[in-house]
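Novice: for reference, the sequence and a predicted model appear below.
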Amino acid sequence: MIIVMKPGTPDAEAAKVKESLEKQGFYINVSKGLNFCILGVVGDTSMIDPKRITVNDYVEKVMRVQEPFKRANRMFHPENTIVNVGGVQIGGKKLAVIAGPCSIETDEQMNSVAQSVKEAGATLLRGGAFKPRTSPYSFQGLKEKGLDMLSEAGTNHSLPIVTEIMSADKLDQFVGKVDLIQVGARNMQNFELLKELGKTQVPILLKRGLSATIEEWIMSAEYIMAGGNENVILCERGIRTYETYTRNTLDLSAIPAVKKLSHLPVIVDPSHAAGMWWMVEPLAKAAIAVGADGLMIEVHNDPENAWCDGAQSLKPERFAALMNDLKNIAPIVGREL
């Protein structure tokens, strides 16, 4: 349920409405702007009679929310959310670009890639230490050793780091070391993990599940936010369709759809969507054109010999060329890079 206060309502009057509902056991999310104040009521609102609320002279209107997600709903929070990740803002006018190898391999590799992507304009460094693989015989990542390598490379080149968490029992190793914790597609509905992440204040990058609907995806974000962590960034990385030519099918329509339904930032991972390096560039450009707040791109200094997903990785020089192109595209859609 949404309660819209009239313009110019004193803070004390809005607080009275809030306190009254809290005494009834509801959680109230307050969203304030220059000329508006909205109270988002979370809980079983079927017992609330809207007429009893609109009796208040300071209440403009009361609306019931049709979607099952509340905290992530744009009706609760009309303005775009901006998430601060190690000093990098994601969701504002300036686009964020996360870049780095799919898998962390060596110190030399990580530092070489970090330097290249930093010089090209990337704002965050990615790398996989714990790798969820379809086959149990595939490389599973360097785990804790890889996490230390990524952390060191990020520090060396002044880049916040992004990496994927596989299970809640690793959370203590991530908090305080990882600037942006990634929840992969396969864990999008690992609700116990999402609940634990909700207890932290570390920014979370939530990838869309392989076959998840947009509503299911946002509901997973709701799990994290319901725990108290509202620093959530969504990531469209392609979904499974009948098409077999590409690794996945990039759902560009999800970007404006999410922007309409939610206030959360949303970025795009064209590398996993396509599975082929030569498709990454056009898909990245298309993502910015439809309103994405940033990109997550795999970059490797020797993709032919990469331990994981070399086929979808850009070489540093191609990544630099793409960044130059994006700098020209961004102003056309009112963004900066």
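Specialist: Right, received. Where do you want to start?
Novice: strands along the stretch 1-150 of the chain, start to end?
Specialist: Counting by DSSP state E, counting those that start in this stretch, the segments of the stretch 1-150 of the chain that form strands are 2-5, 27-32, 37-42, 59-63, 83-85, 88-90, 96-100, 124-126.
Novice: and for M47, the neighbour number?
Specialist: 9 (other Cβ atoms under 10 Å). For every residue, glycine as well, the C-beta is placed using N, CA and C.
Novice: for it, give its distance to V65.
Specialist: 15 Å (Cβ to Cβ, to the nearest Å).
Novice: same check on L234?
Specialist: From L234 to V65 the distance is 19 Å (Cβ to Cβ).
Novice: those two: which is more packed in?
Specialist: L234 (26 against 16).
Novice: re earlier: out of the strands of the stretch 1-150 of the chain, which comes closest to V268?
Specialist: Between V268 and the strands of the stretch 1-150 of the chain, the shortest gap by Cβ to Cβ is with strand 96-100, which sits at 10.5 Å.
Novice: flag every buried residue along the closest one.
Specialist: By neighbour count, with 16 or more other Cβ atoms under 10 Å as the criterion, the buried positions of strand 96-100 are 96-100.
Novice: which parts of the stretch 1-150 of the chain are helices?
Specialist: When assigned using DSSP state H, counting those that start in this stretch, the helices of the stretch 1-150 of the chain occupy the ranges 11-23, 50-54, 107-120, 144-156.
Novice: L252: which of these is closest?
Specialist: Minimum separation from L252 across those (Cβ to Cβ) falls at helix 107-120, 23.8 Å.
Novice: I'd like the average pLDDT over the closest one.
Specialist: Averaged across helix 107-120, pLDDT comes to 97.
Novice: what's next to it, contact-wise?
Specialist: When contacts are defined by Cβ atoms under 8 Å, 6 or more residues apart in numbering, helix 107-120 is touched by residues 99-101, 104, 125, 127, 149-150, 152-154, 156-159, 299-302, 316, 319-320, 323.
Novice: alpha carbons of it, as PDB, please.
Specialist: Listed in PDB are the C-alpha atoms of helix 107-120, where the atom choice follows Å, rounded to 0.1, in the frame of the first residue of the first chain:
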ATOM      1  CA  ASP A 107      48.800 -12.300  -9.900                       C
ATOM      2  CA  GLU A 108      50.400 -11.200 -13.200                       C
ATOM      3  CA  GLN A 109      47.200 -11.800 -15.200                       C
ATOM      4  CA  MET A 110      45.100  -9.900 -12.700                       C
ATOM      5  CA  ASN A 111      47.400  -6.900 -12.400                       C
ATOM      6  CA  SER A 112      47.900  -6.700 -16.200                       C
ATOM      7  CA  VAL A 113      44.100  -6.800 -16.900                       C
ATOM      8  CA  ALA A 114      43.400  -4.300 -14.000                       C
ATOM      9  CA  GLN A 115      45.900  -1.800 -15.400                       C
ATOM     10  CA  SER A 116      44.500  -2.100 -18.900                       C
ATOM     11  CA  VAL A 117      40.800  -1.700 -18.000                       C
ATOM     12  CA  LYS A 118      41.600   1.100 -15.600                       C
ATOM     13  CA  GLU A 119      43.400   3.000 -18.400                       C
ATOM     14  CA  ALA A 120      40.500   2.400 -20.700                       C
END
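Novice: okay, buried residues for it please.
Specialist: Of the residues in helix 107-120, those with enough neighbours to count as buried (16+ other Cβ under 10 Å) are 109-110, 112-118, 120.
Novice: for stretch 128-138, same thing?
Specialist: Neighbour-count burial for stretch 128-138 [16+ other Cβ under 10 Å]: 128-131.
Novice: tell me which of those residues is nearest to G43?
Specialist: Lowest distance from G43 to the buried residues of stretch 128-138 (Cβ to Cβ) belongs to F130, with 36.2 Å.
Novice: got the angle for the helix or strand harbouring L326 vs helix 107-120?
Specialist: Mapping L326 onto the secondary structure by DSSP states H and E places it in helix 316-329. On the basis of axes from the mean of the first three to the mean of the last three Cα atoms, to 10 degrees, helix 316-329 is oriented at 20 degrees to helix 107-120.
Novice: OK, contacts around I255?
Specialist: I255 is in contact with 236, 266, 268, 287, 290-292, counting by Cβ under 8 Å, 6+ apart.
Novice: what do you get for V183?
Specialist: When contacts are counted by Cβ under 8 Å, 6+ apart, V183 is found next to 164-165, 190, 193-194, 197, 204-207, 220.
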